[in-house]
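test case, fold it:
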Amino acid sequence: MSGPPDDRSGPVLVGGRRTAIGTAGHAFRDNDVIELAAPVLAAVADQVGVLDLPIDDVILGNCLGPGGNVARVAGLAAGLGDAVPGVTVDRQCGSGLEAVLQAAIRVRAGDAELLLAGGVESASTAPWRYWPPTATTAPTRYSRAPFAPAGFPDPEMGEAADDLSKVLGISRDRQDDYAARSHRLTWQAAQAGRYDREIVVVHDVSRDERPRPGMTIQRLGRLPPSFGTDGTATAGNSCGISDGAAAVAVTTEQAAVAAGLPYLRIVATAVAAARPDLPGLGPAPAVRRLLAAPAVRARGIGLADIGAVEITEAFASVVLAVMDDLGLNVDLVCTDGGAIGLGHPWGASGAILLIRLAARMLAPTGPAVGLATCAIGGGQGLAMLLERPVD
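Next up is the predicted model:
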C-alpha cells in the first residue's frame with residue numbers, strides 16, 4: 001500500500017453519535033423519527049462546533065417513516081436553525097450509508113464544507129399505508145413499496161435470505177454459528193461499555209435493548225424457521241426489527257486538521273446492482289467496484305490491506321455470502337457484534353456501520369483501512385472505504 005495523495009480538500013468523517021437501538025414496540029414505541037433523529041443531530045453538531053463552520057445541509061436516510069422531508073424537520077427540531085436545509089433519501093437498508101455517500105460527494109465537489117448525514121427509522125410508529133380503492137376493490141394495506149416492478153421477482157427480505165442460502169449452499173449450522181458469534185461479541189461489547197460513548201440518551205434510554213447473553217449455537221439451533229417451514233433464517237440468526245437514529249459529520253480534511261478533530265478519510269464509495277430476487281449478492285460487486293476506483297488504486301489499497309469490515313448483519317446468510325465471495329477473514333468482520341445482536345433500524349443502519357467502524361479504526365491500535373458495506377432490498381449493494389491518517 002502506497003501513501004495517499006496529498007489532498008486536504010477531500011471529505012473526511014468526523015464525530016458520530018447514535019441513539020440506543022430499541023426493539024420495535026418496546027423502548028421507543030412512542031417515539032417517532034423526529035424525536036429519535038433530532039437529539040442525535042444536536043449532539044453531532046455540538047461535537048463539531050469547534051470547526052466553526054456553518055452546517056451546509058442535513059442528509060438523512062429513512063425507509064418507512066411518515067413521508068415528507070424528515071431531515072429538514074429533524075434539523076429544525078434539533079435547534080440547528082432556520083438557515084440549515086435538509087434532504088431525505090431512501091435507498092432502503094442502505095439509506096444511512098447513502099446519506100453519507102452523498103455528503104462526501106458534496107464535499108469532494110467543493111460545494112459544501114460541513115454536512116450532517118445519517119439515518120433514522122421508527123418501525124414502531126411507521127404509518128399504515130394503503131393502495132387506493134378501485135371500482136372493484138377496497139383499499140389495500142401494504143407494508144412496503146415494491147422492490148421491483150411487475151414481471152420481476154419481488155420476495156420479502158426473509159424469503160430472499162432463505163433463497164440465498166439455498167442457492168449458495170449456506171447451511172443452517174453455519175448461519176447459527178455466525179449468529180452465536182454476533183450475539184456473543186455484541187453482549188461482550190455492551191458489557192465492556194464500548195458502545196457507551198457513541199450513544200445519545202433519548203427519553204431515558206441509554207442502552208441497546210437487544211443484546212443478551214447465552215445465545216449459544218445450541219440455543220439458536222432450537223429456533224424454528226421464520227419465513228417458511230424449509231427455511232434456515234430464524235429469529236436468532238437474523239436481525240431484529242428496530243428503532244433508532246445515527247449521524248456523522250462530513251467535512252474537509254483541512255478543516256478537521258485545523259480544529260484538531262480526529263478524523264477518517266472517505267477514500268471512495270461505490271454502488272452496484274445484482275439480482276432483485278437475491279439482494280444478498282449485492283455487496284460483493286459493490287466492494288469490487290470500490291477497490292477499482294481511481295482513488296483506491298492511487299493508494300495501492302487492495303482487499304488484503306483492509307483491517308476492519310462492518311457489514312449490515314440483516315441475516316447471517318448475507319454476511320456469509322459476502323465473506324465467501326470476497327474471501328474475507330471473519331476475524332475482521334463486525335468484531336464488536338452487529339445487527340444480529342444489536343438490531344437493524346433500516347434507515348439508520350448504514351450510519352451505525354460507520355460509527356462502529358470509526359470506533360475500531362480510531363482506537364490506539366486501530367487498522368489503517370476499513371470497509372463498510374451493506375445489501376439492499378431490490379438487489380443492490382453499497383460500499384465505502386475509510387482510511388486513518390498516518391502521523
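
show me where the stretch 151-300 of the chain has its helices.
Remark: helices assigned in the stretch 151-300 of the chain by DSSP state H, counting those that start in this stretch are 157-168, 172-191, 217-221, 253-259, 283-291, 294-299.

mind checking the ones you listed for the one nearest to residue 121?
Closest approach to residue 121 among these is made by helix 157-168 (14.2 Å; Cβ to Cβ). Where you see a C-beta, it was placed from the backbone N, CA and C, and this is true even at glycine.

the inter-axis angle of that closest one versus helix 172-191?
Between the axes of helix 157-168 and helix 172-191, defined by axes from the mean of the first three to the mean of the last three Cα atoms, to 10 degrees, the angle is 130 degrees.

got the helices of the stretch 151-300 of the chain as TSV, with distance to residue 139 columns?
Shown next, in TSV, are the helices of the stretch 151-300 of the chain (distance: least, Cβ to Cβ, whole Å):
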stretch	distance to residue 139
helix 157-168	25
helix 172-191	38
helix 217-221	40
helix 253-259	51
helix 283-291	37
helix 294-299	49
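
among these, which is nearest residue 373?
helix 283-291 (4.4 Å).

ok, and what's touching stretch 154-170?
146-148, 171-172, 175, 225-228, 230-233, 238, 276-281, 314-315, 317-318, 320-321, 324, 377 (Cβ atoms under 8 Å, 6 or more residues apart in numbering).

try it again at 7 Å.
The contact list for stretch 154-170, computed with Cβ atoms under 7 Å, 6 or more residues apart in numbering, reads 146-148, 175, 226-228, 231-233, 238, 276-280, 314-315, 317-318, 320-321, 377.

ok, back up a step: nearest to residue 135, of the helices of the stretch 151-300 of the chain?
helix 157-168 (31.8 Å).

buried stuff in the closest one?
By 16 or more other Cβ atoms under 10 Å, the buried positions in helix 157-168 come out as 157, 158, 159, 160, 161, 162, 163, 164, 165.

cool, and stretch 198-218?
For stretch 198-218, by 16+ other Cβ under 10 Å, it's 198, 199, 200, 202, 205, 208, 209, 210, 211, 215, 217.

ok, so of those residues, who is nearest residue 299?
residue 198 (27.5 Å).

OK, contacts around the closest one?
Taking Cβ under 7 Å, 6+ apart, we find residue 198 in contact with 16, 17, 18, 355, 359.

mind listing which of those residues are in helices?
Taking DSSP state H as the definition of helices, those contribute 355, 359.

most neighbours out of the contacts of residue 198, which is it?
Counting neighbours by other Cβ atoms under 10 Å, residue 18 comes out on top of those with 31 neighbours.

pull the contacting residues for that residue.
By Cβ under 7 Å, 6+ apart, the neighbours of residue 18 are 40, 198, 199, 200, 244, 245, 246, 352, 355.

and the residue nearest to the last one when sequence neighbours are not counted, how far is that from residue 336?
Counting by Cβ to Cβ, 6 or more residues apart in numbering, residue 355 lies nearest to residue 16, which is 4.3 Å off, once chain neighbours are set aside. If you measure residue 16 against residue 336 using Cβ to Cβ, to the nearest Å, the figure is 14 Å.

cool, and residue 94?
21 Å.

quick one, which of the two is more surrounded?
Shown here are residue 94 and residue 336; by other Cβ under 10 Å, residue 94 has more neighbours (33 against 19).

sec struct for that one, please.
Under DSSP: H, G, I helix; E, B strand; the rest coil, the three-state class of residue 94 is helix.

closest one of the contacts of residue 198 to residue 343?
Nearest to residue 343 among the contacts of residue 198 is residue 18, at 11.6 Å by Cβ to Cβ.

which residues does the closest residue to that closest one other than its chain neighbours contact?
Spatially, and ignoring its direct neighbours in sequence, residue 18 is nearest to residue 246 (3.6 Å; Cβ to Cβ, 6+ apart). For residue 246, the contact set (Cβ under 7 Å, 6+ apart) comprises 18, 40, 96, 118, 119, 348, 351, 352, 355.

I'd like the residues you listed written out as TSV, with distance to residue 47 added.
Formatted as TSV, those follow (distance: Cβ to Cβ, whole Å):
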residue	distance to residue 47
18	12
40	11
96	18
118	13
119	18
348	17
351	14
352	16
355	12
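
and of those, the nearest to residue 59?
Taking Cβ to Cβ as the measure, residue 59 lies nearest residue 118 of these, at 7.9 Å.

now the closest one. Nearest residue, chain neighbours left out?
Once flanking residues are discounted, residue 118 sits nearest to residue 247: 3.2 Å by Cβ to Cβ, 6+ apart.

need the per-residue pLDDT for that neighbour.
pLDDT for residue 247: 98.

right, and it touches residue 352 too?
No. Contact criterion Cβ atoms under 7 Å: residue 247 and residue 352 do not qualify, at 10.0 Å.

looking at those two, which is more packed in?
residue 247 (37 against 31).

residues contacting the more buried one?
Neighbours of residue 247 in contact, by Cβ under 7 Å, 6+ apart: 17, 40, 41, 44, 116, 117, 118, 351.

low-confidence bits of this protein, can you list those?
For the chain, applying pLDDT under 70 flags the ranges 1-7, 391.

tell me which helix or strand the residue nearest to the spatial centre of it sits in.
Centroid check for the chain by Cα atoms, centre = their mean gives residue 350 as the closest residue, at 1.5 Å. Residue 350 belongs to helix 349-361 when assigned by DSSP states H and E.
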